[in-house]
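K.L.:
Here is my input, please return the structure:
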Amino acid sequence: MGTERLTPRQFMILVILFSIGTAILIIPSALAAEAKQDAWILEIVGVGIGIVLCWLYIYISKLHPGCTIFQINEKIFGKWLGKCLSLGIAFTTLIFSSQVLFYVGNFLITQIMPTTPIEATHILVMVIVIMGAKLGVIVLARTGEIFFPWIILLFILFMVVIIPQVQFNFILPIGEVTVMPVIRGALKISSYSYMTTFFVFNVLFNKVASIQKATKGYIVGALVSGIMMFTFVVTSILVLGPENTAVQAYPSYALAQRINIGNVLQRIEVIIAFLWLVSIFFELSLYFYITLQGIAEVFQLKDYKNLCYPIGVIVTVLSFVVYPSTPYQSKWDEQTWIPQALLIGVIYPILIVSIDQLKKLKVYRA
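P.N.:
Presented below is the predicted three-dimensional model:
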């Protein structure tokens, strides 16, 4: 396992796919609810915050070259406290995996296949994720390389064919948003797209042969995903209008349903469905991979692959109960997600850096 290496391009693609993940369908409505026609301003601020956080995560990886977050925990906090923290990270990504799996099933049964039992959807998706985990993260990255050109092509095609539906008056007047909505909206986009990348890409960072190229891949990937999300937010506002965007459960999908060119090219919302399902598959797969790696490192197992089936079953079962209902999910996302994301994506990394610097200062003074 230690000989596996990601190319910088593969690493960048994984960052892009992971970052747009669940955000591609739900962020436009969340930002429109906060700032209406000025939602794009929130997106820009959120991406700026996200890039700063990415530099922080890169700095931590460079401070401890060759170490995963689980090994860093033991170096910084000591063996037993470090193991407890690592187990907490594995449990957190386990919950994230079940939540993302719920998003997949909920979207499919409400928008595409309403007569299909959600249990069948969850089991089918999780079987594919388990297969990917058994093959390893390198195979997953190569799969991302295959899908990525098609994702970009479909994204460009979608933006071109939606142009006739654009109404620029929807984005006016500009600059009415106040400070607090900007802060809340920026935290939403940075929490969904960037804060949770700390666990995932810290583990993958050292699988790239060159640290400099890994840094570039991380930043470029974060920027590209931010540009894609910005485009979706602006287009949703210009086509659906700010009020309609704010009340849509999946505004990007509703956006695709508006496409109608000459009464011939229409009902091609499958483009958005494909983009989202591919990106969320990689998000789910990477969360699942980190869960397996964390458990394997805490209990010093030789190979995480033996855990794929039992942990996969746990994730599947949890996905049925993690959100008792869609309103519960909306309330949890609104009230609980951002504080949790701030804890794991801001406070925790800053704590690592602070303790590390204090230890170095103590050694220097001694």
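
K.L.:
I'd like the distance between the closest residue to residue 337 other than its chain neighbours and residue 47.
P.N.:
Of all residues not flanking residue 337 in the chain, residue 191 sits nearest, at 6.4 Å (Cβ to Cβ, 6 or more residues apart in numbering). From N, CA and C alone the C-beta is placed, and that goes for glycine too. Here the criterion is Cβ to Cβ, to the nearest Å. By it, residue 191 lies 12 Å from residue 47.

K.L.:
cool, and residue 356?
P.N.:
Separation of residue 356 from residue 47 (Cβ to Cβ) stands at 27 Å.

K.L.:
more neighbours, these two?
P.N.:
Neighbours were counted for residue 356 and for residue 47 using other Cβ atoms under 10 Å; residue 47 has more, 23 against 16.

K.L.:
which stretch of helix or strand covers the more buried one?
P.N.:
According to DSSP states H and E, residue 47 maps onto helix 39-63.

K.L.:
Can you give the distance from that helix to the centre of its chain?
P.N.:
13 Å (Cα atoms, centre = their mean, to the nearest Å).

K.L.:
With stretch 193-209 instead?
P.N.:
Distance of stretch 193-209 from the chain centroid (Cα atoms, centre = their mean) equals 11 Å.

K.L.:
which stretches of the protein have low pLDDT?
P.N.:
Residue ranges of the chain with pLDDT under 70: 1-4, 260-267, 362-366.

K.L.:
Try it again at 80.
P.N.:
1-4, 22, 24-25, 249, 252-253, 255-275, 326, 359-366 (pLDDT under 80).

K.L.:
Which residue ranges of it form strands?
P.N.:
Assigned by DSSP state E, the chain shows strands spanning 260-261, 265-266.

K.L.:
can you count the residues close to the residue nearest to residue 337?
P.N.:
25.

K.L.:
For it, list the residues it contacts.
P.N.:
337-338, 341-342, 345 (Cβ atoms under 8 Å, 6 or more residues apart in numbering).

K.L.:
give me that answer again for 10 Å
P.N.:
Residue 191 makes contact with 23, 46, 49-50, 53, 333, 337-342, 344-346 under the criterion Cβ atoms under 10 Å, 6 or more residues apart in numbering.

K.L.:
Taking those, tell me the two that lie furthest apart.
P.N.:
53 and 333 (19.6 Å; Cβ to Cβ).

K.L.:
Neighbour count for those two, which is higher?
P.N.:
Shown here are residue 53 and residue 333; by other Cβ under 10 Å, residue 53 has more neighbours (21 against 18).

K.L.:
residues contacting the more buried one?
P.N.:
Taking Cβ under 10 Å, 6+ apart, we find residue 53 in contact with 190-191, 193-195, 197-198, 222, 345-346, 349.

K.L.:
Show me what counts as buried in the helix holding residue 47.
P.N.:
Neighbour-count burial for helix 39-63, counted by 16 or more other Cβ atoms under 10 Å, picks out 39-43, 45-47, 49-51, 53-54, 56-58, 60-61, 63.
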